[in-house]
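Trainee: here you go, sequence then predicted model.
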Amino acid sequence: MTIVASKQNFDNPLAFSWNGELSRAGDTFNWKRLETQTPDSTAPPVPTECREHFRSSVERAVRNGRTEARSDFTVLLGGNSRQMRESVRLEEMSAGVWRASGMQMDVGDNIRIGLDPRKQAEDRLNHIISRAQCILWDAEVTEDAAGNLAWNTHVLSSESVQKWLGFDADGANMGEVWRKNIPEQMKQQMDTRCAEALRTGKSGFQQEFFFYGEDSKPRWMAEHVDITPLSAGRWNLVGVVIDISERKRVELELEQVNQKLLRLAREDDLTGLYNRRTILEKSAAEWSRWKRYGTSFSILIIDADDFKTINDRFGHDSGDLALRAISSRLREGLRNLDTVGRYGGEEFLVILPETDFQGALTTAHKLLDGISITPVRLHETDLRLTVSIGLACAEKSDTDFDSLLKRADTALYQAKSEGKNRVVVSAPPA
């Protein structure tokens, strides 16, 4: 494939027409012919970027089923940036075979007469950016032999965005100012994600992060980055960043509502302990674990003594206060490993994993004393609360958890009948 172009002189801008023939098999293109004609036969070879650009333009048009395409692009010649305009036309000669023709020309002369399309596009882009609540940036990234990445970044944003970001720098320095406000750990995560995308050949990536604006409040941002490889170890990156702080605020509120609903579904509203359904689910899970591994497992059923009398004498509000006080003292007297829930009314169920008879008995007396020693203030009266406790240790002869629960419940009623404020241990099943 041989291509030539006109002289690379600003007063004699690049201009050449070309034609060729290509075929397609699946995603693979085969160029059978590609020729270029220029007014000057002594012109130097066409830059590689130009050649690859119109090849990719033709192939993209074929993929998209188009017969025409136009685009602008920039090449670097002799240290000068040259703005090129390209038009492409396609004709399908037979199934899977196309004839392509087109033209590329330097539109640099338009700059001198005030009609530069690139300048017009830049002016329009700046006009849009000045009113948009977003940040645009582009960067050229290079990697040295040691694997270090060097960034040359330029950032564009509106004055309103700069104000709440706290920027006080031109576009060349704005990226550096911006990064200073990102938490260090998050900055490292972002750099790692970007480096991975570059080195694995990804076409882009997305991420969310926050930094602290002028008001010292965290601002959540969403960023979309496109990656264009330029050469080995060299890439062009273009990023769009938008403020998603409001979305994050709504997400946080929704999460809080969901957590509240979850607590309402699992916890007893009065005491803050697990409700009946949840404590029974926890009990069933511990029972299954005990059956599988054979470790010790005990339960306590605890019932507030004379609770009806408290309600009748002081009112139901005082009864609620008494239940909260008992719940608090139960939590304080148990290990993190243990679980307690409101079983119903003034009854509580305690699960004691990996706890044998002696350990369960010690815990039961600790709870008994913790509840009765310190009086509770109800309507200017210091009331001493007591509970009765039924204790049962899991035995191999227990057929299921319900049989263990019934033994503990029987022991509880025995404690009540023997005078209350005591612990009664259930005998193993026959």
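Mentor: Now that the structure is in, tell me what you want to look at. Residues are numbered from 1 along each chain as shown.
Trainee: show me what the helix or strand encompassing residue 142 is packed against.
Mentor: Element membership for residue 142, per DSSP states H and E: strand 134-143. Here strand 134-143 touches strand 149-157, helix 171-180, strand 234-243, going by 3 or more CB pairs under 8 Å, 6 or more residues apart in numbering; DSSP states H and E. C-beta here means a position set from N, CA and C on the backbone, and glycine is covered the same way.
Trainee: could you check how far residue 331 is from residue 411?
Mentor: 23 Å (CB to CB, to the nearest Å).
Trainee: make that residue 354, sorry
Mentor: In this view, residue 354 and residue 411 are 21 Å apart by CB to CB.
Trainee: same check on residue 102?
Mentor: For residue 102 relative to residue 411 (CB to CB), the value is 93 Å.
Trainee: show me what contacts the residue nearest the centre of the chain?
Mentor: Nearest to the mean C-alpha position of the chain, by CA atoms, centre = their mean, lies residue 208 at 7.3 Å. Shown in contact with residue 208 (CB atoms under 8 Å, 6 or more residues apart in numbering): 220, 221, 222, 223, 244.
Trainee: in a helix, it, correct?
Mentor: No - Residue 208: not assigned to a helix; according to DSSP: H, G, I helix; E, B strand; the rest coil it is strand.
Trainee: and it, bridged to which residues?
Mentor: residue 222 (DSSP bridges).
Trainee: where are the low-confidence patches of the stretch 101-250 of the chain?
Mentor: Residues of the stretch 101-250 of the chain that meet the criterion pLDDT under 70 lie in 108-133, 157-178, 213-215.
Trainee: so where do the strands sit in the stretch 1-150 of the chain?
Mentor: 15-25, 28-37, 68-77, 80-94, 97-106, 134-143, 149-157 (DSSP state E, counting those that start in this stretch).
Trainee: I misspoke; the intended subject was the stretch 151-300 of the chain.
Mentor: 204-212, 218-231, 234-243, 297-304.
Trainee: need the ones you listed in CSV (columns: distance to residue 54).
Mentor: Formatted as CSV, the strands of the stretch 151-300 of the chain follow (distance: least, CB to CB, whole Å):
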stretch, distance to residue 54
strand 204-212, 24
strand 218-231, 17
strand 234-243, 19
strand 297-304, 77
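Trainee: what about the longest helix in this structure?
Mentor: helix 245-266 (DSSP state H).
Trainee: buried residues in that helix?
Mentor: Neighbour-count burial for helix 245-266, with 16 or more other CB atoms under 10 Å as criterion, is recorded at residue 248.
Trainee: report all helices and strands that that helix contacts.
Mentor: strand 218-231.
Trainee: what angle sits between the strand it packs on and strand 134-143?
Mentor: 40 degrees (axes from the mean of the first three to the mean of the last three CA atoms, to 10 degrees).
Trainee: buried set for strand 218-231?
Mentor: 219, 220, 221, 222, 223, 225, 227.
Trainee: distance to residue 80 added to those residues, as TSV?
Mentor: Below are those laid out as TSV (distance: CB to CB, whole Å):
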residue	distance to residue 80
219	40
220	42
221	36
222	37
223	32
225	28
227	26
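Trainee: from the residues you listed, pick the one nearest residue 271.
Mentor: Nearest to residue 271 out of the buried residues of strand 218-231 is residue 220 (CB to CB; 37.1 Å).
Trainee: and the chain, what are its domains?
Mentor: According to automatic domain parsing, the chain comprises the domains 15-116, 130-247, 267-425.
Trainee: helix, strand or coil for residue 419?
Mentor: Residue 419 ends up coil, using three-state DSSP.
Trainee: do you know the pLDDT at it?
Mentor: Looking at residue 419, its pLDDT is 93.
Trainee: residues touching residue 187, list them.
Mentor: residue 179.
Trainee: quick one: closest of the strands of the stretch 151-300 of the chain to residue 48.
Mentor: Once the strands of the stretch 151-300 of the chain are compared by CB to CB, strand 218-231 is nearest, at 9.9 Å.
Trainee: circling back: pick out whichever of residue 354 and residue 411 has more residues nearby.
Mentor: A direct count of neighbours by other CB atoms under 10 Å for residue 354 and residue 411 places residue 411 higher, at 22 against 16.
Trainee: residue contacts, the more buried one?
Mentor: Counting by CB under 8 Å, 6+ apart, residue 411 has contacts 301, 390, 391, 392, 424, 425, 426.
Trainee: the second one: what's it in contact with?
Mentor: So the one you mean is residue 390. Contacts of residue 390 (CB under 8 Å, 6+ apart): 300-302, 408-415, 423-424, 426.
Trainee: TSV for those residues, including pLDDT and secondary structure?
Mentor: Formatted as TSV, the contacts of residue 390 follow (pLDDT from 0 to 100; DSSP: H, G, I helix; E, B strand; the rest coil):
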residue	pLDDT	secondary structure
300	97	strand
301	97	strand
302	96	strand
408	96	helix
409	95	helix
410	95	helix
411	96	helix
412	96	helix
413	96	helix
414	95	helix
415	96	helix
423	96	strand
424	95	strand
426	92	coil
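Trainee: can you select the buried ones among the residues you listed for me in ChimeraX?
Mentor: To isolate the buried ones among the contacts of residue 390 in ChimeraX, judged by 16+ other CB under 10 Å, type:
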select :300,301,302,408,409,411,412,415,423,424,426
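Trainee: wait, which of the contacts of residue 390 is closest to residue 234?
Mentor: Closest to residue 234, out of all of the contacts of residue 390 and judged by CB to CB, is residue 300, at 70.4 Å.
Trainee: ok, the residue lying closest to residue 137 once chain neighbours are set aside to residue 188 distance?
Mentor: Take residue 137 and drop its neighbours on the chain: the residue closest to it by CB to CB, 6 or more residues apart in numbering is residue 155, 4.4 Å away. Residue 155 sits 20 Å away from residue 188, going by CB to CB.
Trainee: which of those two has more neighbours?
Mentor: Under the criterion of other CB under 10 Å, the comparison of residue 155 against residue 188 puts residue 155 first, with 23 against 11.
Trainee: pretty sure the more buried one is in contact with residue 179, am I right?
Mentor: No - using CB atoms under 8 Å, residue 155 is not in contact with residue 179, being 10.3 Å away.
Trainee: quick check: mean pLDDT across stretch 355-372?
Mentor: 94.
Trainee: which parts of that stretch are buried?
Mentor: 355, 360, 361, 363, 364, 367, 368, 370, 371.
Trainee: dump the residue contacts of the first one.
Mentor: Applying CB under 8 Å, 6+ apart, one finds that residue 355 lies in contact with 296, 297, 298, 338, 363.
Trainee: tell me how many other residues crowd the second one.
Mentor: By that I understand residue 297. 26.
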